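Peer 1: starting from these lines, generate the structure:
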Amino acid sequence: MHASDRGPNSAEGHGEPLRAVWGRIQRELRGAIRREQFETWFRRTTLTAVTEGTAVIAVHNRFTRDWLRNYYMDVLVPCVAKVLGSAHEIRFDIDPESTAPELCPPLPPDPDSVGEDEDGTRSAAQAPAPPAALPLSNANVLPGRLLESSDVVLNPHYRFDNFVVGPCNRFAHAASVGVSESPGLTYNPLFLHGSVGLGKTHLLQSLCHSVFEREPGARILYLSCETFVNHFISALENGDLEKFRHKYRNVDILVVDDIHILANKERTQEEFFHTFNTLYNAGKQIVLSSDSPPVDIPTLQERLVSRFKWGLVTEVEPPCYETRMAILKRKSRERGREIPDDVARVLAEHIDSNIRELEGAVTKVLGFASLSGQPITTQLVRQCLREHFAARPHQPSIEDIQRAVTERFGVKLSDLQSKKRTNAIAYPRQIGMFLARKITRMSLEEIGGYFGGRDHTTVLYACQKLERLSKEDPSCHELLTSLSYEIRGTQA
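Peer 2: Predicted coordinates:
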């Protein structure tokens with residue numbers, strides 16, 4: 001009999017519906033892999049055709065197809081061969097209609113598992129099924145909405161297209177975009193760190209918006225680490241650990257803000273470790289933010305530090321002058337009235353700590369001008385933002401640092417900015433870069449520019465080297481402390 005002579009819904013040589021054949025294959029898969037892996041990758045799949053030597057499996061998106069091809073062929077091929085009686089080539093079709101949640105009902109129990117309970121009143125077939133992971137785009141998830149357990153609401157204005165990219169945040173922005181396009185594949189976990197008000201929240205929420213645009217039914221849980229800690233404590237008190245674990249481990253993307261709050265919380269670290277492992281092994285994306293890199297979070301277990309570094313750890317740095325100018329112009333345009341260039345320059349020069357202060361300054365200036373009916377001028381800015389223009393203690397400049405280093409080591413500034421790599425020049429240059437990073441608010445790229453146009457990786461290497469030497473070599477620590485005191489009058 002030719003393939004065309006068989007019914008479209010029956011498998012070759014079996015005479016039984018494709019759905020029944022696929023149910024048998026799924027039972028084989030369920031016995032070969034972990035339950036959460038099965039629920040994540042095989043629940044929303046179906047067998048659509050079996051021809052001579054080929055089995056066609058429908059999946060609901062390209063991401064699932066690629067993941068199955070890359071990681072599950074060594075399990076899938078033998079399971080298909082066992083049920084069909086011979087080896088078949090596996091081909092995947094992307095068919096969202098055939099894999100809709102309502103068309104993929106829970107599997108019936110194995111016949112061997114059906115029997116009377118001890119009291120003879122119930123069988124396994126009648127017992128309720130255990131809770132299972134809700135698949136991507138599940139009907140129970142409102143499209144484009146975070147899961148109910150999330151403790152934030154996505155800001156509609158926090159999107160990639162209105163995020164101002166500069167040298168201080170370019171890498172973090174690119175990494176966030178990459179994760180949103182390929183969750184679980186590109187960088188997992190993604191760990192963003194930096195001081196408050198530098199745009200970490202904007203990037204995290206932009207990532208969520210971008211994922212929802214591609215997969216409206218994605219299960220995203222977004223919450224603060226404090227909420228995770230409180231939920232865990234409550235679960236311990238009420239004996240609801242299984243419910244707690246089901247809630248946190250059956251998601252497509254877990255976003256946790258302020259993960260440094262795990263410090264000094266041993267039991268919670270233990271629970272988060274297992275949650276991390278479950279999600280990571282299931283190919284789910286983990287996104288974390290903190291005010292410091294993993295290695296600097298006190299009392300964080302070494303195995304958690306190691307796992308946080310598996311993917312990508314990147315810093316969001318304070319904005320440089322040019323980026324602050326761009327932010328001021330963008331934020332004022334968004335509020336319907338762009339501030340003049342001279343006003344933006346004054347604000348960028350005096351507000352250099354974080355982006356939130358820049359946004360607040362724009363809002364206050366525009367509001368003051370509107371209420372008073374005055375034009376937006378530098379004089380008006382000084383009037384309504386007096387606190388930012390008050391006399392401030394002298395902030396050491398990069399020139400102050402270079403001057404102190406050249407005098408201490410007896411080298412010329414031109415030597416520090418040259419291509420020379422002898423230790424007599426390279427060591428003072430690295431000390432200058434290290435002190436510039438510690439004392440000023442300049443980005444790595446800006447510091448490199450003052451030391452002969454070196455790139456940010458060279459500056460980062462110098463900072464890491466001096467950080468290590470200062471801990472290992474007392475004379476190095478004493479030298480850095482002395483120079484820092486000389487430059488700004490305080491100890492490093």
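
Peer 1: quick one: mean pLDDT for stretch 354-372?
Peer 2: The average of the pLDDT scores along stretch 354-372 is 81.

Peer 1: what comes up buried for it?
Peer 2: 354-355, 357-359, 361-362, 365-366, 368-369 (16 or more other C-beta atoms under 10 Å). Backbone N, C-alpha and C define where each C-beta goes, glycine included.

Peer 1: now secondary structure and distance to residue 177 too, for the residues you listed, in TSV please.
Peer 2: Shown next, in TSV, are these (DSSP: H, G, I helix; E, B strand; the rest coil; distance: C-beta to C-beta, whole Å):
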residue	secondary structure	distance to residue 177
354	coil	22
355	helix	19
357	helix	26
358	helix	23
359	helix	22
361	helix	28
362	helix	25
365	helix	31
366	helix	30
368	helix	36
369	helix	36
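
Peer 1: could you list every residue that touches residue 241?
Peer 2: residue 235 (C-beta atoms under 8 Å, 6 or more residues apart in numbering).

Peer 1: likewise residue 210?
Peer 2: Applying C-beta under 8 Å, 6+ apart, the residues contacting residue 210 are 159-160, 177, 180-181.

Peer 1: which other helices and strands contact the strand or helix carrying residue 179?
Peer 2: Here residue 179, judged by DSSP states H and E, is contained in helix 170-181. Helices and strands touching helix 170-181, by 3 or more C-beta pairs under 8 Å, 6 or more residues apart in numbering; DSSP states H and E, are strand 190-193, helix 200-214, strand 312-315.

Peer 1: out of these, deepest packed?
Peer 2: Mean neighbours per residue, mean count of other C-beta atoms under 10 Å, is largest over those for strand 190-193, with a mean of 25.

Peer 1: so what's the gap between it and the chain middle?
Peer 2: 6 Å (C-alpha atoms, centre = their mean, to the nearest Å).

Peer 1: give me the mean pLDDT for it.
Peer 2: 92.

Peer 1: which parts of this protein belong to which domain?
Peer 2: 3-105, 160-315, 321-389, 398-488 (automatic domain parsing).

Peer 1: would you point to the one among those domains that's packed deepest?
Peer 2: Compared across the domains of the chain, domain 160-315 shows the largest average neighbour count, a mean of 19 (mean count of other C-beta under 10 Å).

Peer 1: for it, what is the spacing between the initial and final residues?
Peer 2: Chord length of domain 160-315, first to last residue, is 17 Å (C-alpha to C-alpha, to the nearest Å).

Peer 1: can you pull out the helices in the stretch 351-492 of the chain?
Peer 2: Assigned by DSSP state H, counting those that start in this stretch, the stretch 351-492 of the chain shows helices spanning 355-372, 378-384, 386-389, 398-409, 413-416, 423-439, 444-450, 456-472, 474-488.

Peer 1: contacts for the helix holding residue 179?
Peer 2: Applying C-beta under 8 Å, 6+ apart, the contact partners of helix 170-181 are 160, 163, 165, 186-188, 190, 192, 194, 199-200, 203-204, 206-207, 210-211, 214, 285, 287, 312, 314-316.

Peer 1: let's see that with 7 Å instead.
Peer 2: The contact list for helix 170-181 (C-beta atoms under 7 Å, 6 or more residues apart in numbering) reads 160, 163, 165, 186-187, 190, 192, 203, 206-207, 210-211, 285, 287, 312, 314, 316.

Peer 1: only alpha carbons, please: show it as PDB.
Peer 2: C-alpha atoms of helix 170-181 as PDB (Å, rounded to 0.1, in the frame of the first residue of the first chain):
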ATOM      1  CA  ARG A 170      25.900  49.700  25.200                       C
ATOM      2  CA  PHE A 171      27.000  46.100  26.100                       C
ATOM      3  CA  ALA A 172      24.200  45.600  28.700                       C
ATOM      4  CA  HIS A 173      21.600  46.900  26.100                       C
ATOM      5  CA  ALA A 174      22.900  44.600  23.400                       C
ATOM      6  CA  ALA A 175      22.800  41.600  25.800                       C
ATOM      7  CA  SER A 176      19.300  42.400  26.900                       C
ATOM      8  CA  VAL A 177      18.100  42.600  23.300                       C
ATOM      9  CA  GLY A 178      19.800  39.300  22.500                       C
ATOM     10  CA  VAL A 179      18.100  37.500  25.400                       C
ATOM     11  CA  SER A 180      14.700  38.900  24.400                       C
ATOM     12  CA  GLU A 181      15.200  37.500  20.900                       C
END
